[in-house]
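Chemist: Predicted model and sequence follow; I will ask about them next.
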Amino acid sequence: MTHKIAILGASGYTGAELVRLIATHPGMEIVALSGERKAGLPMAAVFPHLRHLDLPDLVKIDQIDFAGVDLAFCALPHATSQAVIKELPRDLKVVDLSADFRLRDPAAYEKWYGKPHAALELQKEAVYGLTEFYRDDIRNARLVAGTGCNAAAGQYGLRPLIAAAVIDLDDIVMDLKAGVSGAGRALKENLLHAELSEGFHAYAVGGTHRHLGEFDQEFSAIAGRPVEVQFTPHLIPANRGILVTTYLKGDPGRVHETLANAYEDETFIQVLPMGEHPSTRHMRGSNFVHVGVVADRRPGRAMVIVALDNLTKGSSGQAIQNANLMLGIAEEEGLMLAPCFP
Ligand SMILES: NC(=O)C1=CN([C@@H]2O[C@H](COP(=O)(O)OP(=O)(O)OC[C@H]3O[C@@H](n4cnc5c(N)ncnc54)[C@H](OP(=O)(O)O)[C@@H]3O)[C@@H](O)[C@H]2O)C=CC1
Ligand SMILES: CC(=O)N[C@@H](CCC(=O)OP(=O)(O)O)C(=O)O
């Protein structure tokens with residue numbers, strides 16, 4: 001059975017990545033693609049790398065007939081997403097890639113996004129989309145909220161350790177490096193080649209990055225008490241990829257064993273042998289996550305290093321994994337492609 005798919009925001013980076021992955025997915029057929037400024041154009045005019053595919057042209061969202069659609073991916077900017085999803089048919093399955101439905105507490109949403117939520121009923125209904133930890137809820141969900149890409153990377157290294165109480169919850173430091181496609185395709189001065197290449201910088205310093213809202217929500221729920229991590233992201237001159245090094249207090253052997261056990265049966269989460277650590281160049285374009293544990297020279301301290309591709313496991317790959325569950329398709333379908341190396 002083939003499910004009919006609409007992609008809203010197909011003229012953006014995550015939208016294009018959804019198209020690339022769905023193109024070889026045996027259970028999905030793309031029937032509608034939306035753009036805003038790019039509406040009216042063929043996809044090949046916006047993304048020449050997709051020229052070989054037979055795709056519908058980009059249209060405005062209000063030109064799409066959702067009656068024939070089984071599931072919509074919503075790859076729109078924050079806030080736009082909630083305004084759009086509010087107007088979609090109530091029985092349409094939706095996987096949203098924006099931040100609009102990730103935070104369950106309206107006050108937390110307002111704190112991290114600077115304005116009140118405009119679709120509170122939908123916010124209550126949405127299921128958090130970190131697949132490996134919300135699988136059963138996702139299977140039965142109508143609306144799934146894709147995680148932040150940084151938030152996904154940070155959580156894969158820490159969730160099992162917090163659950164197993166093998167680390168000091170008050171001494172967690174996360175240092176993250178992210179490629180520029182994470183910022184989307186819209187033109188921004190600090191993303192110009194001349195201002196991005198040959199250097200790198202921290203951003204959202206001082207514990208101000210909005211993905212802290214996701215870390216607070218998720219880690220505190222697992223621990224059963226407030227957990228606040230220290231987190232600084234850096235923008236690096238690479239197109240894709242996130243690498244996060246988390247410094248923590250805990251026995252390195254137990255940390256490694258806990259992560260290896262937690263992910264033993266997970267197809268996409270690969271825990272490396274003790275002492276090995278990952279590189280973003282080993283997951284480019286794939287849905288895999290590599291998790292490494294390294295002992296610090298000081299006893300009782302460890303580094304957990306996680307790498308993933310922000311456009312696959314950090315957004316569009318994760319979105320397809322969740323859609324597979326929602327549509328009753330095998331979870332790995334369409335996602336087993338190997339990383340592109342070198
Ligand atoms: N990039 C990443 O690594 C990740 C992104 N996300 C989230 O996914 C969402 C999409 O991200 P990304 O693909 O990077 O973003 P882009 O900026 O690359 O694309 C945004 C898309 O939304 C469309 N759009 C913009 N404004 C409107 C509007 N007012 N009405 C309708 N459509 C509109 C754009 O159309 P057009 O260009 O034709 O105007 C484009 O198709 C965002 O919420 C982002 O935060 C989440 C995880 C990771
Ligand atoms: C490099 C870069 O700017 N990355 C983005 C993360 C993108 C992401 O996960 O998206 P959401 O905006 O949907 O949370 C950032 O850190 O803000």
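Modeler: In hand now; what should we look at? Ligands and ions are numbered 1, 2, ... in the order given.
Chemist: Residue in the protein with the shortest distance to ligand 1?
Modeler: Nearest residue of the chain to ligand 1 (Cβ to the nearest ligand atom) works out as residue 12 at 1.9 Å. For every residue, glycine as well, the C-beta is placed using N, CA and C.
Chemist: quick one: the helices in the stretch 151-300 of the chain?
Modeler: With DSSP state H, counting those that start in this stretch, the ranges of helices along the stretch 151-300 of the chain come out as 193-196, 211-223, 252-262.
Chemist: Tell me the helices and strands packed up against the longest one.
Modeler: What it means is helix 211-223. Using 3 or more Cβ pairs under 8 Å, 6 or more residues apart in numbering; DSSP states H and E as the contact test, the elements touching helix 211-223 are helix 106-113, helix 149-163, strand 230-235.
Chemist: go again using 10 Å as the cut-off
Modeler: Judged by 3 or more Cβ pairs under 10 Å, 6 or more residues apart in numbering; DSSP states H and E, helix 211-223 is in contact with helix 106-113, strand 127-128, helix 131-139, helix 149-163, strand 172-178, strand 230-235.
Chemist: out of those, deepest packed?
Modeler: Mean neighbour count (mean count of other Cβ atoms under 10 Å) peaks for helix 149-163 among these, with a mean of 25.
Chemist: near ligand 1 at all, that one?
Modeler: Yes - applying Cβ under 6 Å from any ligand atom, one finds helix 149-163 touching ligand 1 at residue 149.
Chemist: Strand 172-178 and that helix, what's the angle between them?
Modeler: Between helix 149-163 and strand 172-178, the angle comes out at 150 degrees (axes from the mean of the first three to the mean of the last three Cα atoms, to 10 degrees).
Chemist: ok, back up a step: among the helices of the stretch 151-300 of the chain, which comes closest to ligand 2?
Modeler: helix 211-223 (6.1 Å).
Chemist: wait, does the closest one contact ligand 1?
Modeler: No - Helix 211-223 does not reach ligand 1 (Cβ under 6 Å from any ligand atom); its nearest approach is 9.7 Å.
Chemist: relative orientation of that helix and helix 149-163 in degrees?
Modeler: Counting by the same axes, to 10 degrees, helix 211-223 points 20 degrees away from the direction of helix 149-163.
Chemist: Distance check, the closest residue in space to the residue of the chain closest to ligand 1 that isn't next to it in sequence against residue 226.
Modeler: Distances taken as Cβ to Cβ, 6 or more residues apart in numbering place residue 185 nearest to residue 12, at 5.2 Å, with adjacent residues excluded. Going from residue 185 to residue 226 by Cβ to Cβ, to the nearest Å gives 36 Å.
Chemist: More neighbours: those two, which one.
Modeler: With neighbours defined as other Cβ atoms under 10 Å, residue 185 and residue 226 compare such that residue 185 has more, 16 against 10.
Chemist: Columns mean neighbour count and mean pLDDT on top of the helices of the stretch 151-300 of the chain, output as JSON lines?
Modeler: JSON lines is the format used below for the helices of the stretch 151-300 of the chain (neighbours: other Cβ atoms under 10 Å; pLDDT from 0 to 100):
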{"stretch": "helix 193-196", "mean neighbour count": "12", "mean pLDDT": "92"}
{"stretch": "helix 211-223", "mean neighbour count": "20", "mean pLDDT": "98"}
{"stretch": "helix 252-262", "mean neighbour count": "19", "mean pLDDT": "98"}
